[in-house]
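S.K.: Fold the following and give me the result.
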Amino acid sequence: MRMSLRRSRGVTVALVTFATFTDIVAYSVAVPVLPDLSRRLGASPTMIGLLFASFGVTLLTVSIPMGAISDRVGRKGPLVGGMIALAAATLLFAYSDGLPWLFAARLVQGAADAVTWVVGFALIADRFGPEERGRVSGIVMSGTSAAVMVGPTIGGWLYEIGGLRAPFLTVAVFAVVSALGFLWLDIPSEHGNTEQVPIRTVLRSQAVASCALVVIAISATISMLEPVLPLYLTAKLAIGPARIGLIFGSGAVASSILHPIYGRLADRWGGRRLMLTGLLLVACVLPLLTVAWSYPSTIAFFVLTTTAVALVITPSLTFMAEAVADAGVGSFGVGYGLYNMAWGAGLLSGPAIAGFVFERQGFVRLTLVWCAVLLLAAWRLAVAPSVRTG
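M.R.: Purely as a prediction, here's the structure:
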């Protein structure tokens, strides 16, 4: 019984979900804590911004190499190491007494994020066939959406009652528990049973490239709304920070509910079809945010937008595995490394582009320009060669 539990695919999904949940909580608890900690250590606003951005440096540089390494040596070692690195990063945050240590912690945190997501989803692709990956990816993403909702709350609450170190120490415990879980788990080496293909072969796949392009577009869409939508709503409808938080929270709740449903639909109808549908829907509903006339209408339009965005995200995880399978099933790590790299590129570029366009052209024109970008990504996906799904 013990051995069967260690090999259980359900336990595998639970551990990957807990690991990604922990990773997002680690990222988001820093939001209410790091600025205050940085100011105490003498950081300027510019330095605080660089501190937050440094997370993306290791995220982008580590994703593909770690995916390739996990294809070669197996998933267990990288997953255990990634969670230990996350625990170490949070302990560095808790006990840092200078800005260099904070930057070191943030860089390690970005690398741990890359390992967790890349190798975690590669493990899912190893253990589940094409007809099941959407359902499982939806479960993992639902846990992630929950972390987005509770992370900042947990961070702020623990900071208030337990001081600066409490949020980070709590996350460190979560990370250690996750590392022990992966160490205990019996992870079969399915990826080792097929011939490995060079990284360049995967990167040359038009289907993989199209999926990466869509991931950049949808990730940038999410991140571009975060800085400019609050500014627009405050100016137009005088909506304050608390109610803006509820608007974003309502979108996270809707996404958390719908991710598993979209995953099952992707299993049934294919990732590409749902991604195309989602991209077109996002392009249609995004401009509705500009015509919101009240707080309730804003919530309704934002929920419509986030549910359409989710219709791209979960199927894209399935489609990446389908696309990589054409180049060689042993390269799921490389494929999800590219996926994570594309996601990070979107997170970095979205706010910068949005702020630039918003300042010069306003929110209405920004949404129209963004719709054109989404339609271009949809066209690129539509013309990409078909991939095998079985």
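S.K.: Buried residues, whichever strand or helix holds His259. List them.
M.R.: Assigned by DSSP states H and E, His259 belongs to helix 241-269. For helix 241-269, burial by neighbour count (16 or more other CB atoms under 10 Å) applies to 244, 247-252, 254-256, 258-263, 265-267. For glycine as for every other residue, the C-beta is placed from the backbone atoms N, C-alpha and C.
S.K.: Now do the helices in the stretch 51-200 of the chain.
M.R.: Taking DSSP state H, counting those that start in this stretch as the criterion, the stretch 51-200 of the chain contains helices spanning 76-95, 99-127, 133-162, 165-184, 199-204.
S.K.: Nearest to Ser316 among these would be which one?
M.R.: helix 133-162 (9.0 Å; CB to CB).
S.K.: Counting by contacts, list what the closest one packs against.
M.R.: Counting contacts by 3 or more CB pairs under 8 Å, 6 or more residues apart in numbering; DSSP states H and E, helix 133-162 packs against helix 9-40, helix 99-127, helix 165-184, helix 241-269, helix 295-327.
S.K.: chain center to that helix, what's the gap?
M.R.: 12 Å (CA atoms, centre = their mean, to the nearest Å).
S.K.: With stretch 236-249 instead?
M.R.: 23 Å.
S.K.: again, but for stretch 377-390
M.R.: 22 Å.
S.K.: got the angle for the helix ranked longest in the chain vs helix 76-95?
M.R.: Longest helix in the chain, counting residues (DSSP state H): helix 332-383. Put simply, helix 332-383 runs at 90 degrees to helix 76-95, going by axes from the mean of the first three to the mean of the last three CA atoms, to 10 degrees.
S.K.: for helix 332-383, what is the average pLDDT?
M.R.: The average pLDDT within helix 332-383 is 88.
S.K.: between it and helix 99-127, how big is the angle?
M.R.: 80 degrees.
S.K.: For helix 332-383, name the packing helices and strands.
M.R.: helix 45-73, helix 99-127, helix 199-204, helix 206-237, helix 271-285, helix 295-327.
S.K.: Could you check the angle it makes with helix 295-327?
M.R.: 110 degrees.
S.K.: How far away from the center of its chain is helix 332-383?
M.R.: 14 Å.
S.K.: quick revisit: the helices and strands packed on helix 133-162: which one's closest to Ile216?
M.R.: helix 295-327 (10.7 Å).
S.K.: Identify the residues contacting Val214.
M.R.: Val214 sits next to Met275, Leu279, Val312, Ser316, Ala377, Ala378, Arg380, Leu381 when contact means CB atoms under 8 Å, 6 or more residues apart in numbering.
S.K.: who's in contact with the nearest residue to it once chain neighbours are set aside?
M.R.: Counting by CB to CB, 6 or more residues apart in numbering, the nearest residue to Val214 once its immediate chain neighbours are dropped is Ala377, at 5.0 Å. Ala377 is in contact with Leu213, Val214, Ile216, Ala217, Ile218, Leu279, counting by CB under 8 Å, 6+ apart.
S.K.: Could you list the low-pLDDT ranges of the stretch 101-250 of the chain?
M.R.: For the stretch 101-250 of the chain, applying pLDDT under 70 flags the ranges 152-153, 155-156, 189-199, 241-242.
S.K.: out of the helices and strands packed on helix 133-162, which comes closest to Leu91?
M.R.: helix 165-184 (5.3 Å).
S.K.: Would you mark the buried spots in the closest one?
M.R.: With burial defined by 16+ other CB under 10 Å, the residues of helix 165-184 counted as buried are 165-172, 174-176, 178-179, 181-182.
S.K.: got the CA positions of it in CSV?
M.R.: Below are the C-alpha coordinates for helix 165-184, written out as CSV (Å, rounded to 0.1, in the frame of the first residue of the first chain):
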residue,chain,number,x,y,z
ARG,A,165,10.1,37.1,9.6
ALA,A,166,6.8,35.4,10.1
PRO,A,167,5.6,35.3,6.4
PHE,A,168,9.0,34.1,5.1
LEU,A,169,9.4,31.4,7.8
THR,A,170,5.9,30.1,7.1
VAL,A,171,6.7,29.8,3.4
ALA,A,172,10.1,28.2,4.1
VAL,A,173,8.2,25.5,6.1
PHE,A,174,5.9,24.9,3.1
ALA,A,175,8.8,24.6,0.8
VAL,A,176,10.6,22.1,3.0
VAL,A,177,7.5,20.0,3.3
SER,A,178,7.2,20.0,-0.5
ALA,A,179,10.8,19.0,-0.9
LEU,A,180,10.3,16.1,1.5
GLY,A,181,7.2,15.1,-0.5
PHE,A,182,9.2,14.9,-3.7
LEU,A,183,12.0,13.1,-2.0
TRP,A,184,9.6,10.4,-0.8
